[in-house]
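Peer 1: Generate coordinates for the sequence data below:
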Amino acid sequence: MHTLYSERESPNPLSNGCKVESLPLMQPPSPETVPGLWLPKGWESWESLMDEALREAHKALLLDEVPVGAVVVDANGTVIGRGHNSPISSCNPTAHAELTALCQAAQNVGNYRLNQAFLVVTLEPCLMCAGAVVHSRLQGVVFGASDFKTGALCSRIGALDLQFHNHKTVWAGGVKQKECGELLSSFFKKKRQTAKTAGLP
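Peer 2: Residues are numbered from 1 along each chain as shown. Just a heads-up that it's a prediction; the model follows:
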């Protein structure tokens, strides 16, 4: 179990003066240090799997979407699902890379439960995607870059470590973090430059 939370009195008026959970940003553990997070058969490293997710991220980039990509691989090493961000082009607020990959994987195996399968994604999943991970009964999640704004595995909340879940999914991060992060940074930098040139706020 990852130690994520500390308790403090929150000034948030919505807390009604009660103690609430909060957490500082933490460095995600590497896959090699997490029990239950084994490398699927036929793959040399988690980096090689992250390369597959990065290929998906570049597909999102071509659509001018936030470049996040994901793959789902089963215990035998078969990639059973692929996905990239497409909420704008598909007019679908749930079309995150993770959800697209999970849906494709479930369709391919004929079961919404993806036991002993792994999600590899270029960016730390958000709260919506973390919920889908639990419902799909994944064995594990490995991500690339941390998301310090909305990351729901360790950066903002430890969603997969909440005690009330009826399924435990192990997780790790930091795989090809620099490459995954730079892809996102360059995308947003270009967006800012375009907006500045156009005189937009």
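Peer 1: Tell me the confidence at the residue minimising distance to the centre of the chain?
Peer 2: Most central in the chain under Cα atoms, centre = their mean is Pro125, positioned 2.6 Å from the mean C-alpha point. Pro125 is assigned 98 on the pLDDT scale.
Peer 1: contacting residues for it?
Peer 2: For Pro125, the set of contacting residues under the criterion of Cβ atoms under 8 Å, 6 or more residues apart in numbering consists of 96, 98, 119, 133, 141, 143, 151-153. Backbone N, C-alpha and C define where each C-beta goes, glycine included.
Peer 1: Can you tell me how far it is from Thr194?
Peer 2: Counting by Cβ to Cβ, to the nearest Å, the gap between Pro125 and Thr194 amounts to 28 Å.
Peer 1: Okay, and the residue nearest to the centre of the chain sits in which element?
Peer 2: Taking DSSP states H and E as the criterion, no element holds Pro125; it sits outside all helices and strands.
Peer 1: buried residues in the longest helix that the chain contains?
Peer 2: With residue count as the measure and DSSP state H as the assignment, the chain has helix 177-197 as its longest helix. Buried residues in helix 177-197, counted by 16 or more other Cβ atoms under 10 Å: 177, 179-181, 183-184, 187.
Peer 1: With stretch 83-92 instead?
Peer 2: When neighbours are counted by 16+ other Cβ under 10 Å, the buried residues of stretch 83-92 are found to be 83-87.
Peer 1: okay if I get those residues as JSON lines plus pLDDT and secondary structure?
Peer 2: Below are the buried residues of stretch 83-92 laid out as JSON lines (pLDDT from 0 to 100; DSSP: H, G, I helix; E, B strand; the rest coil):
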{"residue": "Gly83", "pLDDT": "98", "secondary structure": "strand"}
{"residue": "His84", "pLDDT": "98", "secondary structure": "strand"}
{"residue": "Asn85", "pLDDT": "98", "secondary structure": "coil"}
{"residue": "Ser86", "pLDDT": "98", "secondary structure": "coil"}
{"residue": "Pro87", "pLDDT": "97", "secondary structure": "helix"}
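Peer 1: and which of these is nearest Val66?
Peer 2: Within these, proximity to Val66 (Cβ to Cβ) peaks at Asn85, which comes in at 5.0 Å.
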